[in-house]
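Engineer: Quick check, what structure comes out for this input:
(2 chains)
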Amino acid sequence: MSDSVDVSKGLPPNPEKATLEGKNKFLGFWVFLGGETIMFATFFGTFLGLREGTAGGPSAEELFSLPLVFLMTMLLLTSSLTSVLAMFSMKKNNFRNMIILTVITVLLGFGFLACEIYEFYEYVHHGGLGFTTSAFGSSFYSLVGLHGAHVTFGLFWFITLMIRYSRTGITLTNAPKFYVASLYWHFIDVVWVFIFTVVYLMSIGGA
Amino acid sequence: MATETAANNNKSVLWDWLTTVDHKKLAVLYLIAGALFFIKAGAMAIFMRIQLMSAENTFLSGQTFNEFITMHGTIMLFLAVTPLIFAFMNFAVPLQIGARDVAFPFVNALGFWIFFFGGLLVSLSWFFGGAPDAGWTAYVPLSSGEYADLGLDFYVLGLQISGLGTLISAINFIVTIINMRAPGMTMMRMPLFCWTGLVTSILIVFAFTPLAAGLALLMLDRIFGGQFFMPDAGGNPVLWQHIFWIFGHPEVYILVLPAFGIISEVVPAFSRKRLFGYTAMVFATLIIAFLSFMVWVHHMFTVGIGPITNSVFAIATMAIGVPTGIKIFNWLFTMWGGKITFNTAMLCASSFVPTFVLGGVTGVMLAMVPVDYLYHDTYFVVAHFHYIVVGGIALGLLAGTYYWYPKMFGHKLNEKLGQLMFWLFYIGFHLTFFIQHILGLIGMPRRVFTYLEGQGMETMNLVSSIGAFMMGAGVVVLLINIVYSAFTSERITVRDPWDARTLEWSTTTPVPEYNFAQTPQVRSLDPWFYEKVHGEGLMKPAEPMDDIHMPNGSILPLTIGLGLFVWGFGMIMLEMANPIITPWIVIGTGVIITFGSMLLHSIHEDHGYHIPLDKIKKIEKEVG
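Structural biologist: Just a heads-up that it's a prediction; the model follows:
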């Protein structure tokens, strides 16, 4: 079934959905992201329920610094943009551009991750907020850390794909894989937008 | 595109089963695993009933009793009924929609092995200082590090792993049902079992993920010193109850909807009528699924959340009675005026209807907040939910077993032993659980290992225990039947031993590994029945005979499951007083096995193989 697409005149316009296998991956991954949304929602709910529970430890207002979070937001949003552009290149069958843009995405992702590690380090060593300090600390680190773990997984995913397919060009087999990885990356980005709003802005803005 | 690698025909049987990605073989694996867990949890129930047979009995200690109630509930819901449902979904859904396999055969196998190793991890707790003992709901603070021992770490991590398996299997079924239907098989021509399978899978995606989050929080609290549920550090124990029941209530519907689906297949087949109100059945299923997420607080009425919240959730709960009632009436009207054959499958399916109504009525009673304060944590609740899970789900699964058995294994189950099983099980069931309503009303609390003399509870508990023994005898008869029928039943060579209606009966028996030599063209609801009556008695093909593309088997699903098992066990070792190896080495090994296997699968492009046309013709000649 997956070999029923005629590729003699080049790739079809949407290589990621040209085969049944690709269509299945596309739909299956969207469903998976639906489940991920609910899982993150549970962590968000936990954070909102427990963010006042500082138990005498440092609170959100004392701790968070918006400039760093702004930088992180910019890094991740830009990486989402380059990821979209990579997918446009894929649809135009421009493999070289796709790889270059994905490399930029990965670099920006690592930049984000470095900022997050620095942020956590600062909070633990200078802010006095450990994972075990209070319910606020536990819920903050688990929500933001879960997001960070997703970023890390996404980075390794991109790298694996780029190494594996460095010589094959875009094919009907790997197009869905790149596309799905890109979807995952956008999802992570959207989750970060909510973290930025709910965890940082709302805590500092006093909502 | 696809590079042809010839199928390796001389694999050993064991290797074949360990690496299979065939949905029909995975169905058998699910069936065996689910049945083993079912027997284990059933035996615990028998032991608990022996303990409760007389007042102040000392057959079990309080601690063992607590471990039994916890493991009985946990195993039955997560490790027995869920895989049994997946067994039938795996077997029937691809056949019923006219597909050659599920959308992701590899993921299908992965789901099974992850579930299996997760279940194994939970079961291992017995050998490391005792099973979890905080009830299947594992409320904090009872389940916190302060009050619960190592057993609860096995609960948290084992369920986390097996839940992951269930989740990915559900995603697989959603994609299969949406993308893999045969030509002409529109959504509104799908058999109801496929519909309930689809809706159940959607519920799993949205309910098992909060559970994963909740279990992660509990794990972080227990092993890594988190403060989520610790009031002293700003945490909140009620949070666990919310997260658990946001999962826990849909879970009930996850299990019962496929049972509804099975009933909706069996009842029309043996009433010789099409299902009454098919469209209404589909929409009732969807409404039940939607409402199932709106009612979780009815498990928490006595927590003290407030009268307004309680009222809202009470009304939402009662509203579920409406779509469920629609279903009940549709089954009755399907039977009404039909030529009913009362074989074992039909006995189970038709007796499901009144039993489930009883469970539903007590459900509405429990939804009324003021009186719920009286019922709460008594045997009334135990009776209610056993009417749903035994009278509903177990009877549905038994009906499905007798109904699909000839297609799965090539011979029918013995009818006389089947009827004996049914009557033992059915009478035993009502004997066990009906009287528990009354026990609850006179005030017997649930989850307590004994009771005092002279409170009027002795006789009723004795009756209840006798009923439980009868149910146990029924299950033993079923096991005897399986062995007996394997040796004595005649082989089925016809396609359709029940003269049924849906596509799975249009395939040859035994079903070849590619299911359909030619994908069938579906022209109506109940397509097989339509072709028997209006067509030429066989499905019209939608494609010419050609080579068939098949996926290769793989051992990687098993190794990924094993990796998660080792990883999870390493995490538990962090809590052990004196682990023999450093836990982090074990964790690292597990992580490497898991992600290494995933990486191997990801970088190795496996395009499967083709069964050549002449071989298909040969197989078709043999079975046809």
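Engineer: so which residue of chain B comes closest to chain A?
Structural biologist: Proximity of chain B to chain A (CB to the nearest CB) peaks at residue B:234, 2.2 Å away. Just so you know, the C-beta spots here come from the backbone N, C-alpha and C atoms, and that holds for glycine as well.
Engineer: That residue: neighbouring residues, count only.
Structural biologist: 23 (other CB atoms under 10 Å in any protein chain shown).
Engineer: Repeat that for the one 10 residues further on.
Structural biologist: Burial measure for residue B:244: 24 neighbouring residues, criterion other CB under 10 Å.
Engineer: Can you check the pLDDT for it?
Structural biologist: Here, the pLDDT recorded for residue B:244 equals 96.
Engineer: Stretch B:172-181 and chain A, are they touching?
Structural biologist: Yes. On the criterion CB under 8 Å from any CB of the partner chain, stretch B:172-181 is in touch with chain A at B:172, B:174, B:175, B:178, B:179, B:180.
Engineer: what's the closest non-adjacent residue to the residue of chain B closest to chain A?
Structural biologist: residue A:53 (2.2 Å; CB to CB, 6 or more residues apart in numbering or on different chains).
Engineer: who does the helix or strand containing residue B:266 touch, helix- and strand-wise?
Structural biologist: For residue B:266, the host element (DSSP states H and E) is helix B:237-271. Where contact means 3 or more CB pairs under 8 Å, 6 or more residues apart in numbering or on different chains; DSSP states H and E, helix B:237-271 is packed against helix A:20-50, helix B:82-96, helix B:192-224, helix B:278-292, helix B:321-335, helix B:344-367, helix B:379-388, helix B:395-409.
Engineer: before we move on, the earlier item: just the residues of stretch B:172-181 next to chain A: which are in helices?
Structural biologist: Under the assignment DSSP state H, the residues of stretch B:172-181 next to chain A contribute B:172, B:174, B:175, B:178, B:179 to helices.
Engineer: what's the closest of those to residue B:559?
Structural biologist: Relative to residue B:559, the closest of those is residue B:172; by CB to CB it sits at 18.9 Å.
Engineer: Format the residues of stretch B:172-181 next to chain A as CSV; extra columns: pLDDT and neighbour count.
Structural biologist: Below are the residues of stretch B:172-181 next to chain A laid out as CSV (pLDDT from 0 to 100; neighbours: other CB atoms under 10 Å in any protein chain shown):
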residue, pLDDT, neighbour count
B:172, 96, 26
B:174, 97, 24
B:175, 97, 25
B:178, 96, 17
B:179, 94, 17
B:180, 94, 21
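Engineer: Any stretches of chain A with poor pLDDT?
Structural biologist: Along chain A, segments meeting pLDDT under 70 span A:1-9, A:206-207.
Engineer: switch to 80 and redo it
Structural biologist: Where chain A drops to pLDDT under 80, the residues are A:1-11, A:13, A:205-207.
Engineer: list the contacts for whatever residue of it ends up closest to chain B?
Structural biologist: Going by CB to the nearest CB, chain B is nearest to residue A:53 of chain A, at 2.2 Å. Residues in contact with residue A:53 (CB atoms under 8 Å, 6 or more residues apart in numbering or on different chains) are A:134, A:135, A:136, B:227, B:233, B:234, B:235, B:236.
Engineer: Ramachandran angles for the nearest residue to the third one once chain neighbours are set aside?
Structural biologist: In space, residue A:136 comes closest to residue A:54 once its chain neighbours are excluded; the distance is 4.7 Å by CB to CB, 6+ apart. Torsion angles at residue A:54 (phi, psi; degrees, to the nearest 10) stand at phi -90, psi -10.
Engineer: With residue B:275 instead?
Structural biologist: phi -60, psi 130.
Engineer: residues near it, how many?
Structural biologist: Neighbours of residue B:275 under the rule other CB under 10 Å: 23.
Engineer: That one touches residue B:327, doesn't it?
Structural biologist: No. Residue B:275 is beyond contact range of residue B:327, at 10.5 Å (criterion: CB atoms under 8 Å).
Engineer: re earlier: check the secondary structure at the residue nearest to residue B:234 for me.
Structural biologist: When classified by DSSP: H, G, I helix; E, B strand; the rest coil, residue A:53 comes out as coil.
Engineer: again, but for residue B:512
Structural biologist: Reduced to three states by three-state DSSP, residue B:512 is coil.
Engineer: Over to residue B:549?
Structural biologist: Residue B:549 ends up strand, using three-state DSSP.
Engineer: distance of it from residue A:134?
Structural biologist: Applying CB to CB, to the nearest Å, the value for residue B:549 to residue A:134 is 57 Å.
Engineer: who's more crowded, the two?
Structural biologist: residue A:134 (27 against 19).
Engineer: winner for burial among the helices and strands packed on helix B:237-271?
Structural biologist: helix B:82-96 (a mean of 28; mean count of other CB atoms under 10 Å in any protein chain shown).
Engineer: Now the element after that one, going C-ward?
Structural biologist: The helix or strand immediately downstream of helix B:82-96 is helix B:105-124, counting by DSSP H and E.
Engineer: Can you give the distance of that following helix from its chain's centre?
Structural biologist: With CA atoms, centre = their mean, to the nearest Å as the basis, helix B:105-124 stands 14 Å off its chain's centre.
Engineer: That one - contacts with which helices or strands?
Structural biologist: Packing partners of helix B:105-124 (3+ CB pairs under 8 Å, 6+ apart): helix B:23-51, helix B:82-96, helix B:150-179, helix B:556-573.
Engineer: ok, and which of those has the densest surroundings?
Structural biologist: Burial of the helices and strands packed on helix B:105-124 is given as mean neighbour count (mean count of other CB under 10 Å); helix B:82-96 ranks first at a mean of 28.
Engineer: which strands and helices sit next to it?
Structural biologist: helix B:23-51, helix B:105-124, helix B:150-179, helix B:192-224, helix B:237-271, helix B:395-409.
Engineer: Quick one: work out the angle between that helix and helix B:23-51.
Structural biologist: 150 degrees (axes from the mean of the first three to the mean of the last three CA atoms, to 10 degrees).
Engineer: can you give me the angle helix B:82-96 makes with helix B:150-179?
Structural biologist: Going by the same axes, to 10 degrees, helix B:82-96 makes 10 degrees with helix B:150-179.
Engineer: what's the angle between helix B:82-96 and helix B:395-409?
Structural biologist: Following the same axes, to 10 degrees, one obtains 50 degrees for the angle between helix B:82-96 and helix B:395-409.
Engineer: which secondary structure element contains the residue of chain B most remote from its centre?
Structural biologist: Centroid-distance maximum for chain B: residue B:454 at 40.4 Å, with CA atoms, centre = their mean. Remark: residue B:454 resides in no helix or strand, with elements defined by DSSP H and E.
Engineer: Good, wrapping up.
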